[in-house]
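**Student:** dropping a prediction and its sequence here:
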Amino acid sequence: QVQLVESGGGSVQAGGSLRLSCAASGRTFSIYAMGWFRQAPGKDREFVAAITWTTGNTRYADSVKGRFTISRDNAKNMVYLQMNSLKPEDTAAYYCVVFTYRGEYWGQGTQVTVSS
């Protein structure tokens, strides 16, 4: 199994920035991609960004392109989400997810609140 611990959430005004971090431990050798999803109250969980573990290829939801950047540090088994130009509609619980050859694992979530 893989265990995930997220950090970096908080409250910020519109236009501000936050950086989320996710630390993976356990069977990290089986990871082939990591990503972030988010869920706002009353809405379905939605994809935000993902990165492949070996090549570093990235993918983003249209709603965050140009504002969010996902990155990883393989040596530390960390994935990050730099969020700039935040908008009130970015308010949600953000979840880190790891994709492995044995399945996927989710973090506990970290809250991001953007006020106008």
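**Tutor:** Yep, that arrived.

**Student:** got phi/psi on the most centrally placed residue in the chain?
**Tutor:** The centroid of the chain falls nearest to Trp36 when counting by Cα atoms, centre = their mean (2.9 Å). Main-chain torsions, Trp36, degrees, to the nearest 10: phi -130, psi 140.

**Student:** now do the SS call for the residue nearest to Lys76 when sequence neighbours are not counted.
**Tutor:** Spatially, and ignoring its direct neighbours in sequence, Lys76 is nearest to Ala23 (7.5 Å; Cβ to Cβ, 6 or more residues apart in numbering). No exception for glycine: its C-beta is placed from N, CA and C like everyone else's. Using DSSP: H, G, I helix; E, B strand; the rest coil, the structure places Ala23 in strand.

**Student:** how near is Ala23 to Met83?
**Tutor:** 18 Å (Cβ to Cβ, to the nearest Å).

**Student:** quick one: which of these two has more around it?
**Tutor:** Higher neighbour count among Ala23 and Met83: Met83, with 26 against 17, using other Cβ atoms under 10 Å.
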